[in-house]
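Engineer: Okay, here's the prediction I keep looking at, along with the sequence it came from:
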Amino acid sequence: MILQNDPKYAIKKVEEVRKLVDNELGFKQGALACPSQTRTYLFVSNEKKIVGCLIAEPVRQAFRVLSEPAALLESPTKNSLEHQRAWCCSATPERVFCGVSRIWVFSLMRRKRIASRLVDVLRRTFLFGSCLSTSEIAFSDPTPDGKVFATKYCKTPNFLVYNFIS
């Protein structure tokens, strides 16, 4: 975990990794909303390479993703297109403590529980003396793969999302 008051070499490395992550996830390059409260978690392989990154920030409210209507889910192309369809969320805010701004794993290292392990560590360390539940964290506008991950990790298609730009 790297915080903003860590040594300059660590902050520089985090900035390099964030630029790569932003590029791969399709984020516009820009400054973080509140850098002093942002935490970056890096997953370092046995070969001393960064193969995973999670950027988290304090968030106070999020919105639950709404389930798809049953009629739409029964289409013959459901399995191939399900995770790519647009999604909508509730207008009722729910209280959360942490937002996952970005989560990324190097393509050749996916499906090895790296993202899950990063979120597990985040949940145990984000609030001192507390372990956050999956209903106390939210994901920023997820990519299609991010939606699949959040659904599996939270064990519900109705996980919480927030808009990291606001």
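Structural biologist: Sure thing, it's come through.

Engineer: tell me the SS of the residue minimising distance to the centre of the chain?
Structural biologist: Centroid-nearest residue in the chain: residue 100, 3.8 Å away (criterion: C-alpha atoms, centre = their mean). What DSSP: H, G, I helix; E, B strand; the rest coil gives for residue 100 is strand.

Engineer: Now do the contacts for it.
Structural biologist: The neighbours of residue 100, taking C-beta atoms under 8 Å, 6 or more residues apart in numbering as the test, are 54, 55, 56, 119, 122, 137, 138, 139, 140. Any C-beta I mention is one placed from the backbone N, CA and C, and that applies to glycine too.

Engineer: Now tabulate those in CSV and tack on secondary structure and distance to residue 10.
Structural biologist: Below are those laid out as CSV (DSSP: H, G, I helix; E, B strand; the rest coil; distance: C-beta to C-beta, whole Å):
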residue, secondary structure, distance to residue 10
54, strand, 15
55, strand, 14
56, strand, 16
119, helix, 21
122, helix, 18
137, strand, 24
138, strand, 26
139, strand, 25
140, strand, 23
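
Engineer: Of those residues, which is the most crowded?
Structural biologist: Highest neighbour count within these: residue 138, with 27 neighbours (other C-beta atoms under 10 Å).

Engineer: so where do the strands sit in this structure?
Structural biologist: For the chain, strands defined by DSSP state E occupy the ranges 39-44, 50-58, 61-64, 94-95, 98-105, 137-140, 160-162.

Engineer: Return the distance of the longest one from the chain's centre.
Structural biologist: Its chain's C-alpha centre lies 8 Å from the corresponding centre of strand 50-58 when counted by C-alpha atoms, centre = their mean, to the nearest Å.

Engineer: same thing with stretch 120-128?
Structural biologist: The answer for stretch 120-128 is 14 Å, by C-alpha atoms, centre = their mean.

Engineer: in the chain, which spans are helices?
Structural biologist: Ranges of helices in the chain, per DSSP state H, are 8-25, 70-73, 78-81, 114-125, 144-154.
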